[in-house]
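Engineer: sequence isn't available, so here's the structure alone:
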């Protein structure tokens, strides 16, 4: 009798539940159209962003004023396989390196460091460290592209 009563109660609950579903309000929100709109907007922005950053071609006016003072040629510091240091083809010692570079460049100028493939790694890093410690932040290591 207890089992029959439980079964009957379950059936009645099921009937009540079915009635609620037919007359109840749908409470779920369908987000598929919103996702579609967002993806379309994302694609439009991705396509339009490079066009907005492109420069506009304009005919610049002529002037007699000189160019802004800038470095026309970067300073080149080379380290040979023997450990010799050159500043723009002039041999210098490690002690003279900073004075030679400071005569040719300011700390904002670019310095190219060329180390021979067979040069001592420690020597190349020591030269780079000396230049960096002296305030030269734009140091570039020159390499060749592999064939």
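Structural biologist: Structure's in. What do you need? This structure is a prediction, so every number in the text was calculated from the model and none was measured.

Engineer: how much space separates residue 90 from residue 77?
Structural biologist: Noted for residue 90: a distance of 10 Å to residue 77, by CB to CB, to the nearest Å. In short, each C-beta sits where N, CA and C put it, glycine included.

Engineer: residues contacting residue 100?
Structural biologist: Residue 100 sits next to 87, 90, 92 when contact means CB atoms under 8 Å, 6 or more residues apart in numbering.

Engineer: got CSV for the residues you listed, with distance to residue 144 too?
Structural biologist: Converted to CSV, these look like this (distance: CB to CB, whole Å):
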residue, distance to residue 144
87, 21
90, 23
92, 24
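
Engineer: pLDDT below threshold where in this protein?
Structural biologist: 1-24, 52-61, 63-73, 145-147 (pLDDT under 70).

Engineer: residue 90 and residue 77: who's more crowded?
Structural biologist: A side-by-side neighbour count of residue 90 and residue 77, using other CB atoms under 10 Å, places residue 77 first with 27 against 10.

Engineer: can I assume the more buried one sits in a strand?
Structural biologist: Yes: the assignment for residue 77 is a strand, going by DSSP: H, G, I helix; E, B strand; the rest coil.

Engineer: what sits against it?
Structural biologist: 85-87, 97, 101, 111-114, 127, 131.

Engineer: let's see it at 7 Å
Structural biologist: By CB atoms under 7 Å, 6 or more residues apart in numbering, the contact set of residue 77 is 85, 87, 101, 111, 113, 127.

Engineer: among those residues, which ones are in strands?
Structural biologist: In strands, defined here by DSSP state E, the members of the contacts of residue 77 are 85, 87, 111, 113.

Engineer: cool, thanks, signing off.
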